[in-house]
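Student: Here's a sequence, model it:
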Amino acid sequence: MLGPRFGRREPRARAVGYVRSLLAPLERKNGWTISEATGARSPDSVQWLLTGADWDPDLLRDDLRDWVAGQLGDPSGVLIVDDTGFLKKGTKSAGVQRQYSGTAGRVENCQIGVFLAYATPAGRTLLDRELYLPQSWTDDRDRCTEAGVPAEVGFATKPELAQTMLARALEAGVPAAWVTGDEAYGQVSALRRMLDGRGMSYVLAVASNQRVHPTAGGEGQPSEGRIDDAVAALDPRCWTTITVGAGAKGPRTYQWARAQVRPLPEHASGPEHWLLARRSLTDPTDVAYYLAAAPAKTPLRELARIAGVRWAIEETFQTAKNEVGLDHYQVRRYPGWYRHITLAMAAHAFLTITRAGTRPREKGGSGASPTPSAS
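Tutor: As a prediction, this is how the structure comes out:
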């Protein structure tokens, strides 16, 4: 899979050695340890692969996506959008600033990468990636030039980066039935409109103040206005106890309810839109909210399952960082970030596909349960 994108033997060999080192049981996977693992005299050759060699990580990304789709692809597949933080020191790394990192759970000096993951019965892995550049960066073109950011790269929000990656995957024919993501992405109407326009079903988390209004039919009649008020107005008989997978502390069992709504400001015709709510069995004030687009006959259990699939990307981030050094890079410049991340994604995909070949496929839809395996 790596070979076609490296015209010369030396960078091709370096890339293969790099990925093999990412797959090796090294405690840290940086320039020094990778150079030792590949028999190089110094980290210079590793840095050259990431900063100076002539190869395009976007072409490799496309090859990786097609390879994953061919090996793991399933019509019931789920595309998942999310971001993860990479803690950094200093101010020179492309896109770095003090910003909220979900990885750390607080504001840290970090880079933020937005990712697209793919979950099917065979496994879960990363398909695409974009480095988020805050406006403090894109407004300072001298700083961007110093960090290797191309002149044509301007500011894009994280949801806009997610839309770009979703469009790439769908236009490339990645087989998928659903899209899911957390409220940072679900609350953006432009992203939902894009999915509606492509006829994609989705279950996206939203904030409690998301505006909705009722449509005819459905389970219960929500009041027009905020989604939390609409959920509070549901008939108590709407709630159903559903287990959507096993978590770290046991089965993930919640009460779930839905009602047909149309999210504001979308009013165009399209698939049925659903309000979806998840409530704790022990604390009725602990409620999570979602907007879903799906055929009217879609079972509540299926919507709940897809909502739970979102956690697959969190597990994928964890395994990619722990097993293939997704966050072990020491490059500062924009091109180097894309090169390391893409090679780490290739290593993780290799692990996922290899493991998929040694176990039977899961049954039941996409099989992308909320708590995936280490792949």
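Student: burial of residue 151, as a residue count?
Tutor: 8 (other Cβ atoms under 10 Å). C-beta: built from backbone N, CA, C; applies to glycine.
Student: repeat for residue 233
Tutor: Using other Cβ under 10 Å, residue 233 is surrounded by 15 other residues.
Student: mind checking how far it is from residue 352?
Tutor: Residue 233 sits 43 Å away from residue 352 when distances are taken as Cβ to Cβ, to the nearest Å.
Student: Ok, residue 253 next?
Tutor: Plainly put, residue 253 is 28 Å away from residue 352 if you go by Cβ to Cβ.
Student: Please apply the same query to residue 214.
Tutor: 42 Å.
Student: So those two - more neighbours on which side?
Tutor: residue 352 (27 against 19).
Student: surely that one meets residue 120?
Tutor: No: taking contacts as Cβ atoms under 8 Å, residue 352 lies outside contact range of residue 120: 10.0 Å.
Student: what is in contact with those two at once?
Tutor: Common contact partners of residue 352 and residue 120 (Cβ atoms under 8 Å, 6 or more residues apart in numbering): residue 72.
Student: which regions of the stretch 201-350 of the chain lie under the pLDDT threshold?
Tutor: Where the stretch 201-350 of the chain drops to pLDDT under 70, the residues are 216-223, 247-248, 263-270.
Student: How are the strands of it distributed by residue range?
Tutor: Here the stretch 201-350 of the chain has its strands, by DSSP state E, counting those that start in this stretch, at 201-206, 211-214, 225-226, 240-247, 250-263, 273-279, 287-293.
Student: and residue 195, which of the ones you listed is closest to it?
Tutor: Closest approach to residue 195 among those is made by strand 201-206 (5.2 Å; Cβ to Cβ).
Student: Within the sheet, what are the partner strands of the closest one, with directions?
Tutor: According to DSSP bridges, strand 201-206 forms sheet pairs with strand 178-181 (parallel), strand 287-293 (antiparallel).
Student: how many neighbours does residue 314 have?
Tutor: With other Cβ under 10 Å as criterion, residue 314 counts 19.
Student: let's have the chain start at 645 instead
Tutor: With the count now opening at 645, the last piece we talked about shows up as residue 958.
Student: Isn't it up against residue 726?
Tutor: Yes: when contacts are counted by Cβ under 8 Å, residue 958 is listed as touching residue 726 (7.2 Å).
Student: gap between whichever strand or helix holds residue 768 and the chain center?
Tutor: Assigned by DSSP states H and E, residue 768 belongs to strand 767-776. Centroid displacement of strand 767-776 relative to its chain, using Cα atoms, centre = their mean, to the nearest Å, is 6 Å.
Student: next helix or strand past that strand?
Tutor: helix 779-782.
Student: Return the set of buried residues in that next one.
Tutor: 781-782 (16 or more other Cβ atoms under 10 Å).
Student: Now that helix: average pLDDT?
Tutor: Averaged across helix 779-782, the pLDDT comes to 98.
Student: domain parsing for this protein?
Tutor: As assigned by automatic domain parsing, the chain contains the domains 647-821+957-1000, 829-953.
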